[in-house]
Structures are given as structure tokens and as C-alpha cells.
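Enquirer: I'd like to go over a predicted model; first the sequence, then the structure.
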Amino acid sequence: MKSDDVVLQKPEDLHLLVPVFHTVNACAGAATAHLLRRIAYRAGAYAPGIQEHIFHELNTSREGGTIEKVQRWFASRNGNLAELGYRLQCRRVAIPTAALMEWVRQGKGYRGAMLPTNFKRLHPKPGAGGQDVLADNVYHAVGLTMDKLDAKSGEELVMIDPWPGVDGSAKDRGVVSPALELAHKERGHHALMYYWTGWS
């Protein structure tokens with residue numbers, strides 16, 4: 001075999017299924033951890049196992065329970081991530097859902113957004129949060145990223161839901177819910193935008 005016969009593959013040529021951590025009390029962190037892994041994978045920097053202990057911190061309510069906690073976690077861990085080769089940045093915004101969706105879409109996998117949402121708007125069935133969650137009172141958040149929903153499909157905007165509820169009607173990875181805009185609006189349109197630096 002000659003070197004001319006070798007075809008180099010890029011991260012987007014393969015399909016890595018990053019699991020979604022299910023949590024009722026750290027949705028903002030779990031969505032963020034998923035997004036950071038996906039962005040790093042697209043940039044060719046994700047090495048499963050090496051930095052999982054850092055990302056796992058986001059699955060706890062102490063580090064990932066709210067947008068404020070996630071923002072503090074990112075600020076404190078950004079140096080560690082840079083040492084591991086992650087050129088990730090984070091920016092807090094308050095902009096309409098449609099604008100965030102378009103920004104993520106244009107990033108072609110190098111961008112993601114975490115949006116705090118009203119759980120009951122996305123999962124309206126009574127008791128969808130689970131029997132231990134009083135009145136479906138979940139500090140809920142979802143992530144937006146570009147991904148394939150299956151290995152044969154093209155990339156599209158995908159919604160990551162760390163707490164899809166217990167009634168089985170929702171998925172943790174799927175198309176963007178039509179109720180997302182209203183669910184996000186009820187949380188003041190706040191979001192954290194993540195992106196890989198050096199890509200335009």
C-alpha cells in the first residue's frame with residue numbers, strides 16, 4: 001500500500017455516540033458535559049477516559065445544578081481544559097431561542113448551547129418528572145448541538161435532554177421540541193454558548 005492510497009478520516013466522517021447522563025438535579029451540567037464532549041470530538045481533541053473525571057463533576061448538583069453553577073465551573077476549569085488541549089470558550093447570553101438555534105447550526109459541530117427551560121412545557125404529562133419530583137419541579141435545561149440521530153442520517157440540530165422524564169414519551173437525544181421556544185422564554189432566554197476557538 002502506498003501513502004497515496006490512504007484516505008484520512010476526519011471526526012465528522014465517523015459517528016461517535018456520546019451518552020447522555022440522566023439526572024433530575026443537574027440538567028444544566030449534564031447537558032454542558034455532553035456538549036463539550038461533542039465539540040471536542042468534532043475538533044479532534046476528545047480522548048475518552050482521560051478527562052472524564054473533570055466532565056463528571058458537571059453531573060452533580062454542586063457543580064451542574066444551575067446555569068450559574070455551570071458558569072462558575074467553566075471559569076474555574078477552563079485552565080485545566082486548556083492544558084488537556086481543549087480550546088473551548090463559554091459565553092453567557094440572553095437571546096431568543098431561534099437565534100441560538102441558528103448560531104449552533106452555523107457552527108457545524110464546533111458550537112453548542114445550554115438552555116435552561118421550563119420542564120412542564122417540554123413534558124406536559126402530569127407526573128412526567130417522576131414520583132420523587134414534587135409537581136414536576138425540576139430545574140431543567142437542554143443542550144443544542146449538531147449531530148446525527150442515526151448513523152445513516154445527515155447531521156442536524158439535535159436537542160439533548162438530560163431528564164426526559166419517566167413516562168417514556170420523550171428521548172434524551174432527538175429533534176428539537178416545538179415547545180422549546182416557550183420553555184426557554186419562561187427562563188428569561190438565558191443560555192450558555194460554547195464554542196471551539198480558532199474555528200470560524
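Expert: In hand now; what should we look at? Numbering: from 1, shown residues only.
Enquirer: every contact and neighbour count from this point should use C-alpha atoms.
Expert: Fine.
Enquirer: in this protein, what helix or strand scores lowest on average pLDDT?
Expert: Ranking every helix and strand in the chain by mean pLDDT, DSSP states H and E puts helix 52-56 at the bottom, with a mean of 86.
Enquirer: got the buried residues for that helix?
Expert: Phe55 (16 or more other Cα atoms under 10 Å).
Enquirer: so where's this structure uncertain?
Expert: Residues of the chain meeting the criterion pLDDT under 70: 1-16, 50, 133-136, 199-200.
Enquirer: go with 50
Expert: Along the chain, segments meeting pLDDT under 50 span 11-12, 200.
Enquirer: quick one: the strands in it, in order.
Expert: Ranges of strands within the chain are 88-94, 111-118, 139-147, 156-160, 173-175, 190-196, based on DSSP state E.
Enquirer: what lies in contact with the first one?
Expert: In this structure, residues lying in contact with strand 88-94 by Cα atoms under 8 Å, 6 or more residues apart in numbering are 36, 71, 74, 78, 81-82, 188-197.
Enquirer: weed out the non-buried ones from those.
Expert: 36, 71, 74, 78, 81, 189-196.
Enquirer: mind giving me TSV with those residues and columns for distance to Leu88?
Expert: Converted to TSV, the buried ones among the contacts of strand 88-94 look like this (distance: Cα to Cα, whole Å):
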residue	distance to Leu88
Leu36	8
Gln71	13
Phe74	10
Asn78	8
Leu81	8
His189	22
His190	19
Ala191	16
Leu192	12
Met193	10
Tyr194	7
Tyr195	6
Trp196	5
